[in-house]
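Engineer: A predicted structure for the sequence below; I have some questions about it.
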2 protein chains.
Amino acid sequence: MKAPLYLGVDLGGTNIKAGLVDHKGNIISEAACPTLPERGQKEVISDLVALCFETIAAAGKTKARAAGVGVPGVVNAYNGAVLTAPNLFWKDVALGPLLEELLQCPAALDNDANTAAMAEYAAGAAKGYSDALVVTLGTGVGAGVIVNGRLLRGAHGLAGEIGHMTLYTDGILCNCKNRGCFEMYASARALRSMGMRAVEEEPACMLARAVSGEKELVTAELVARCAQKGDAQSLFIWERYTGDLALGLSNAARVMDPQIIVIGGGVANAGEFLLAPLREKIGRLSIDDTAGPVEIACARFGAQAGIIGAAMLARSLFDG
Amino acid sequence: MKAPLYLGVDLGGTNIKAGLVDHKGNIISEAACPTLPERGQKEVISDLVALCFETIAAAGKTKARAAGVGVPGVVNAYNGAVLTAPNLFWKDVALGPLLEELLQCPAALDNDANTAAMAEYAAGAAKGYSDALVVTLGTGVGAGVIVNGRLLRGAHGLAGEIGHMTLYTDGILCNCKNRGCFEMYASARALRSMGMRAVEEEPACMLARAVSGEKELVTAELVARCAQKGDAQSLFIWERYTGDLALGLSNAARVMDPQIIVIGGGVANAGEFLLAPLREKIGRLSIDDTAGPVEIACARFGAQAGIIGAAMLARSLFDG
């Protein structure tokens, strides 16, 4: 008796990571290589496939039951096409069918926010919840929406693009050309930007001293740590950051009414220091006390969420 | 061969309406009576049941295949309990099981925004769309969310409560005790309030003259009509109103990515005069041109949406 194994591929703009994963989400073997997307899609796909076979061989296998791939862009999950992936310079690439041929197994494709949500839903913090919002705080704010126990893709594969909800009508200009998008306030990048400004404006604060005044060294996690240590500047930023994050999450929750909101990305390493203010602020914005508060939790998987989620996506090909 | 007929009941705070409806959403017979909720739930339910039998008899029948009821409150659609219905003064009423006994047929219960969405999805403007947001602009802003061809209820029956998304953090105080809720800007009541203020402040404007200076006579529809006729004050209000409506709808669309947004309520009688600015403003806020614009349409059903949707909810008990 051998349990089937699934290939999970995290195709990022910087690195490609692949792993062979069991049905419970445990990684059996993994490998990675740089993406170098400027080489063109053929070379990238060729490396991706080589990485998959390397991973399979490392586990002493010859084949996976199915493969899943998470892509940083907009995909058509039904036919396996990557519609646009700006960080890869891809447009209309039929990656799914191509991988099925090259890997000799069924392949499923989705955007990286959805594969992260799959990881948490299938094996992580959202396991056992039928309605979950799984948010990743990174360069932007991405989310995967689970409703009735299934990933919600929406009519154009754009469900969960909550980073571009408008939070402030006259707010900061976003790459999408609109103003005041949620991710301009609630992404890890936004937190870092606020920290960098504090270093410039308050060179005596703990945060500025921690980077010896070099603002480029500021990270979102560092701002969180300094706030946790009581740095007044960082606490001021943290209060604003968690307020805006709560506001956007609460708005998203009004639409889909989740049981749980799971937060991932480096900022979530702050744990209760992040969750406590979010619970309080989201609770204050809730509309119905009888329903009880929505649960808020940190993601279980970090950098491996992409591999595990893509593998769980592959596993879901065999569900019901 | 007789096609089965469904009872649809629209249990409002002011009136109870019941209708016998065929599987295509055509009303065969209907009846109504005042709700008078202050009498208590027993009397209201007794009247509701009498109304149902009256409707069945009027169609020359003795029985319906199933009954659906739309309730102005929070329900548990799974066990047929009304959790809270402030306008009826109800809390924890097991209406569904009671009606099944009294009407001798299966009964389904949902909130009125969801039954309105069912009407449009099963037989109206959202027919044939698997992902739709059906919004009703009334005293508040309610919405029914259709995903993958099914009504989304959410973990606590609160999916689609988009009227309480925060639009402006320091905005107008809402009944829910939060500030700046979407419905304080985008409901029919909000439009009327803006019109009333204009009558006070600009007694010479067309709107003020239309009500002979009596601001209590202002309606949301009147503001729309005066704007359509070119009244500068009303146009100013209309521009702000459609902007805020577009903003909230766009935010909701980011979460669930619908193919179509359907707008109901008296304000939607303005037709293209409402839809054109919404299309333009929502289009401007969209994030992906490749996906094509979300469709925006007016609801097909007006005052009868409650009856038809409740009947379609009853019909859905027999779906797959």
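Structural biologist: Yep, it's here. Residues are numbered from 1 along each chain as shown, chains lettered A, B, ... in the order given.
Engineer: Can you report phi and psi for the residue in the stretch 51-200 of chain A that chain B sits nearest to?
Structural biologist: In the stretch 51-200 of chain A, the residue that lies nearest chain B is A:Gly154 (2.4 Å; CB to the nearest CB). In short, each C-beta sits where N, CA and C put it, glycine included. Dihedral angles of A:Gly154 (phi, psi; degrees, to the nearest 10) stand at phi 80, psi 180.
Engineer: before we move on, what about the one 5 residues further on?
Structural biologist: Per-residue torsions, A:Ala159: phi -60, psi 140 (degrees, to the nearest 10).
Engineer: mind listing what the residue lying closest to it once chain neighbours are set aside touches?
Structural biologist: Spatial nearest neighbour of A:Ala159, excluding adjacent residues (CB to CB, 6 or more residues apart in numbering or on different chains): B:Asp257 at 4.1 Å. Applying CB atoms under 8 Å, 6 or more residues apart in numbering or on different chains to B:Asp257 gives the contacts A:Leu152, A:Arg153, A:Gly154, A:Ala155, A:His156, A:Gly157, A:Leu158, A:Ala159, A:Gly160, A:Glu161, B:Asp131.
Engineer: and the lengthiest helix in chain A with chain B, contact?
Structural biologist: In terms of residue count, the longest helix belonging to chain A (DSSP state H) is helix A:232-256. Yes: under the criterion of CB under 8 Å from any CB of the partner chain, chain B is reached by helix A:232-256 at A:Leu247, A:Ser250, A:Asn251, A:Ala252, A:Arg254, A:Val255, A:Met256.
Engineer: Of those residues, just say which sits nearest to A:Leu51.
Structural biologist: A:Leu51 lies nearest to A:Ala252 out of those, by CB to CB, at 34.4 Å.
Engineer: For the residue in the stretch 201-320 of chain A positioned nearest to chain B, grab phi and psi.
Structural biologist: Nearest to chain B, among the residues of the stretch 201-320 of chain A, is A:Asp257, at 2.5 Å (CB to the nearest CB). For A:Asp257, the backbone dihedrals (degrees, to the nearest 10) come out as phi 50, psi 70.
Engineer: Repeat that for A:Ala204.
Structural biologist: Main-chain torsions, A:Ala204, degrees, to the nearest 10: phi -90, psi -10.
Engineer: Give me the neighbour count for it.
Structural biologist: The local packing of A:Ala204 (other CB atoms under 10 Å in any protein chain shown) involves 8 other residues.
Engineer: Could you report the pLDDT at it?
Structural biologist: At A:Ala204, the model reports a pLDDT of 95.
Engineer: quick one: it and A:Gly213, what's the gap?
Structural biologist: 10 Å (CB to CB, to the nearest Å).
Engineer: coming back round to it: and after the longest helix of chain A, which helix or strand comes next?
Structural biologist: Once the chain leaves helix A:232-256, the next helix or strand it forms, by DSSP states H and E, is strand A:260-264.
Engineer: helices or strands up against that following strand?
Structural biologist: helix A:112-123, strand A:132-137, helix A:272-284, strand A:295-298 (3 or more CB pairs under 8 Å, 6 or more residues apart in numbering or on different chains; DSSP states H and E).
Engineer: Can you add mean pLDDT and mean neighbour count and give these back as CSV?
Structural biologist: Compiled in CSV, the helices and strands packed on strand A:260-264 are given as follows (pLDDT from 0 to 100; neighbours: other CB atoms under 10 Å in any protein chain shown):
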stretch, mean pLDDT, mean neighbour count
helix A:112-123, 96, 29
strand A:132-137, 97, 29
helix A:272-284, 97, 16
strand A:295-298, 97, 20
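Engineer: Identify the bridge partners of the spatially most central residue of chain A.
Structural biologist: Using CA atoms, centre = their mean, the residue of chain A that lies closest to the mean C-alpha position is A:Thr136, 3.7 Å off. In this entry, A:Thr136 is beta-bridged to A:Gly142, A:Gly264, by DSSP bridges.
Engineer: if we can go back for a sec, tell me what angle the longest helix of chain A forms with strand A:260-264.
Structural biologist: Here helix A:232-256 runs at an angle of 140 degrees relative to strand A:260-264 (axes from the mean of the first three to the mean of the last three CA atoms, to 10 degrees).
Engineer: Please work out the average pLDDT along stretch A:31-43.
Structural biologist: The pLDDT scores in stretch A:31-43 average 95.
Engineer: er, stretch A:65-85 I mean
Structural biologist: Stretch A:65-85 carries an average pLDDT of 93.
Engineer: Could you see whether chain B lies near it?
Structural biologist: Yes: Stretch A:65-85 comes into contact with chain B (CB under 8 Å from any CB), by way of A:Val74, A:Leu83, A:Thr84.
Engineer: Can you mark which positions in that stretch are buried?
Structural biologist: Using 16 or more other CB atoms under 10 Å in any protein chain shown as the test for burial, stretch A:65-85 gives A:65-77, A:80-85.
Engineer: same check, this time on stretch A:163-183
Structural biologist: Buried-residue list, stretch A:163-183, by 16+ other CB under 10 Å: A:163-168, A:171, A:174, A:176, A:178-183.
Engineer: which ones among these come in contact with chain B?
Structural biologist: Restricting the buried residues of stretch A:163-183 to those within reach of chain B (CB under 8 Å from any CB) leaves A:His164, A:Met165, A:Thr166, A:Tyr168, A:Cys176, A:Asn178.
Engineer: wait, the first one sits on A:Met184?
Structural biologist: No: because the distance of 9.6 Å does not satisfy CB atoms under 8 Å, A:His164 is recorded as not touching A:Met184.
Engineer: shared neighbours of those two, which are they?
Structural biologist: A:Cys174.
Engineer: Let me know the next secondary structure element after the helix or strand hosting A:Ala31.
Structural biologist: Per DSSP H and E: A:Ala31 is located in strand A:27-34. Counting by DSSP H and E, the next helix or strand C-terminal to strand A:27-34 is helix A:41-58.
Engineer: which stretches of the stretch 201-320 of chain A have low pLDDT?
Structural biologist: For the stretch 201-320 of chain A, the stretches with pLDDT under 70 are A:289-291, A:320.
Engineer: Up against chain B, what does it have?
Structural biologist: Proximity of the stretch 201-320 of chain A to chain B, by CB under 8 Å from any CB, involves residues A:247, A:250-252, A:254-259, A:284-285, A:287-288, A:290-292, A:294.
Engineer: how about 6 Å then?
Structural biologist: Residues of the stretch 201-320 of chain A found near chain B (CB under 6 Å from any CB of the partner chain) are A:247, A:251-252, A:254-259, A:285, A:287-288, A:290-291.
Engineer: From the residues you listed, list just the buried residues.
Structural biologist: Buried residues within those, defined by neighbour count using 16+ other CB under 10 Å: A:247, A:251-252, A:254-259, A:285, A:287-288, A:291.
Engineer: ok, back up a step: between the residues of stretch A:65-85 next to chain B, which sits nearest B:Gly13?
Structural biologist: For those, the nearest to B:Gly13 is A:Val74 (43.6 Å; CB to CB).
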